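>>> sharing a sequence plus its predicted fold:
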Amino acid sequence: MAFQGLRSHLSGSVPVSIVVHLVVLLVLVVIPLASDLVPPIPVITMRSYVLAEPLPPPPPPVPRTVASRAPAPSRDAAPTSAPPTITPERPAPPAFAPMAPIEGGVPSDLGGMAGGVTPPIGAPPPAPPTPPPGPVRAAQLPELPRKIVDVHPLYPEMARSARVEGTVILEAVLDTSGHVTQLRVLKSVPLLDQAALDAVRQWKYTPSIYYGRPVSVLLTITVRFTLQQ
């Protein structure tokens, strides 16, 4: 019985104790903290745009005034004021006078100027080119050299016995007097070359002139060997 009385005594005092502690905690902690808090200021929401007053219209453009230019005075117009000084008039240029005829000049009816004045002479013709130092090819001459001494080649007996025929072509150099000074075989026939060289060395040609000067000439000579039937 004693245990039950103690239990009922505790069950009645516990809630009261809890309430008392809560009140003390509220008075000592919560109320001082609450007194230091500043309530927030409510934010006043604004519209996303604000109606502004329309701008005044721009002023009208100022018209430009074009300054009128006074016309330039004409040279023929009479002056309105007297000049400070008077300049003397310049004399007129003399009229063209024909040249006096020159003694010995070409008359006008023969191609000269009026009064027999000789017309100006043009530039002199260019000087002829200088001949080359070496021999000139016969094709470049105005006239080919002409053979004035001819010697027939002797037919070699060996070539005659072998019945050898053919044409030997030589290149010869003629001096300024027309003599053969150099020979070279261009086309060879072995049994006939020496006979052709011996004969051509004795030939002579007329001197060659190139732009009024004697020159040596490079000439091609053909020697034919034919057996008589």
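Now that the structure is in, tell me what you want to look at.
>>> next secondary structure after the worst-scoring helix or strand of the chain on mean pLDDT?
Scoring the helices and strands of the chain by mean pLDDT, DSSP states H and E places helix 31-36 at the bottom, with a mean of 61. Following helix 31-36 in sequence order, the next helix or strand is strand 136-137 (DSSP states H and E).
>>> what's that next one packed up against?
Counting contacts by 3 or more CB pairs under 8 Å, 6 or more residues apart in numbering; DSSP states H and E, strand 136-137 is packed against strand 217-225. C-betas here are computed from N, CA, C, even on glycine.
>>> which residues of the chain score low on pLDDT?
Scanning the chain for pLDDT under 70 picks out 1-14, 29-53, 65-80, 82-83, 93-123, 127-132, 229.
>>> switch the cut-off to 50
1-3, 10, 114-115, 117 (pLDDT under 50).
>>> how about Ile148, secondary structure?
Secondary structure for Ile148, judged by DSSP: H, G, I helix; E, B strand; the rest coil, is strand.
>>> quick one: strands adjacent to whichever helix or strand Gln182 is part of?
Element membership of Gln182 [criterion: DSSP H and E] is strand 180-187. Strand 180-187 sits in its sheet next to strand 166-174 (antiparallel), going by DSSP bridges.
>>> residues contacting the partner strand, please?
135, 145, 180-189, 192-193, 196-197, 200, 205, 208, 216-225 (CB atoms under 8 Å, 6 or more residues apart in numbering).
>>> drop anything exposed from those.
135, 145, 180, 189, 192-193, 196-197, 200, 205, 208, 216-219, 221, 223, 225 (16 or more other CB atoms under 10 Å).
>>> now name the helix or strand holding Ala195.
helix 193-200.
>>> show me what that helix is packed against.
strand 166-174, strand 180-187, strand 217-225.
>>> can you list these in TSV and add distance to Val27?
What follows is the helices and strands packed on helix 193-200, written out as TSV (distance: least, CB to CB, whole Å):
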stretch	distance to Val27
strand 166-174	149
strand 180-187	148
strand 217-225	147
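>>> give the contact list for Leu183.
With CB under 8 Å, 6+ apart, Leu183 has these contacts: Leu170, Glu171, Ala172, Val173, Leu197, Val200, Arg201.
>>> CA-only coordinates of the strand holding Gln182 in CSV, if you can.
Listed next in CSV are the C-alpha coordinates belonging to strand 180-187 (Å, rounded to 0.1, in the frame of the first residue of the first chain):
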residue,chain,number,x,y,z
VAL,A,180,92.4,28.3,-152.2
THR,A,181,94.2,28.3,-148.9
GLN,A,182,92.4,25.7,-146.8
LEU,A,183,90.6,22.5,-147.7
ARG,A,184,88.5,20.0,-145.7
VAL,A,185,86.7,16.8,-146.8
LEU,A,186,83.0,16.9,-146.0
LYS,A,187,81.9,13.8,-148.0
